[in-house]
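*Asks:* Predicted model and sequence follow; I will ask about them next.
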Amino acid sequence: QLQLVETGGALVQPGGSLRLSCSASGGTFSDYGMGWFRQAPGKERELVATIGRNGQTWYADSVKDRFTISRANWQRLLHLQMNTLKPEDTAVYYCAAAARRSGLIPRPGTEFGSWGQGTQVTVSS
């Protein structure tokens, strides 16, 4: 299983941008479909975006056209570029690796087997 560490969380004003990164170790990064989740206080964890080994992507409707997920397999990095941020984007953001080493794009309902510790994103003026 991969070990994952997120960085990049911060306090940002509404309308601003932020880029999260997730560094992977302990396995073959390109073998895994990857995803970003978020969890706001008092709410269930939400799947935000996913990416397959070859760059296929999926987005939740709430972030489509504002967020972009990407990966650099040779650097073992996963990114989430977040633009036009809204207060409702405030949450702890987690990166995760699919449980199966298929490299396929994860979809809602896909089992994830490795998780990072999370990074806080706060959108507020």
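*Replies:* Arrived safely. Residues are numbered from 1 along each chain as shown.

*Asks:* Check which element follows the one helix or strand residue 19 maps to along the chain.
*Replies:* Using DSSP states H and E, residue 19 sits within strand 18-25. Toward the C-terminus, strand 18-25 is succeeded by strand 34-39 as the next helix or strand (DSSP H and E).

*Asks:* is it fair to say residue 6 lies in a strand?
*Replies:* Yes. Judged by DSSP: H, G, I helix; E, B strand; the rest coil, residue 6 forms part of a strand.

*Asks:* which residues touch it?
*Replies:* 20, 21, 22, 93, 94, 95, 116, 117, 118, 119 (C-beta atoms under 8 Å, 6 or more residues apart in numbering). C-beta here means a position set from N, CA and C on the backbone, and glycine is covered the same way.

*Asks:* Next: residue 25.
*Replies:* 2, 3, 76.

*Asks:* thinking again about what came up before, what subset of the contacts of residue 6 is buried?
*Replies:* Taking 16 or more other C-beta atoms under 10 Å as the criterion, what is buried in the contacts of residue 6 is 20, 21, 22, 93, 94, 95, 116, 118, 119.

*Asks:* surely the first one meets residue 77?
*Replies:* No. Counting by C-beta atoms under 8 Å, residue 20 does not reach residue 77; the two are 10.7 Å apart.

*Asks:* so is residue 71 in a helix, a strand, or just coil?
*Replies:* strand.

*Asks:* Check residue 74 too.
*Replies:* Under three-state DSSP, the three-state class of residue 74 is helix.

*Asks:* how near is it to residue 121?
*Replies:* 27 Å (C-beta to C-beta, to the nearest Å).

*Asks:* quick one: which of these two has more around it?
*Replies:* residue 121 (22 against 8; other C-beta atoms under 10 Å).

*Asks:* what would the contacts of residue 6 look like in a markdown table with pLDDT?
*Replies:* Listed next are the contacts of residue 6 as a markdown table, based on pLDDT from 0 to 100:
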| residue | pLDDT |
| --- | --- |
| 20 | 98 |
| 21 | 98 |
| 22 | 98 |
| 93 | 98 |
| 94 | 98 |
| 95 | 98 |
| 116 | 97 |
| 117 | 97 |
| 118 | 98 |
| 119 | 98 |
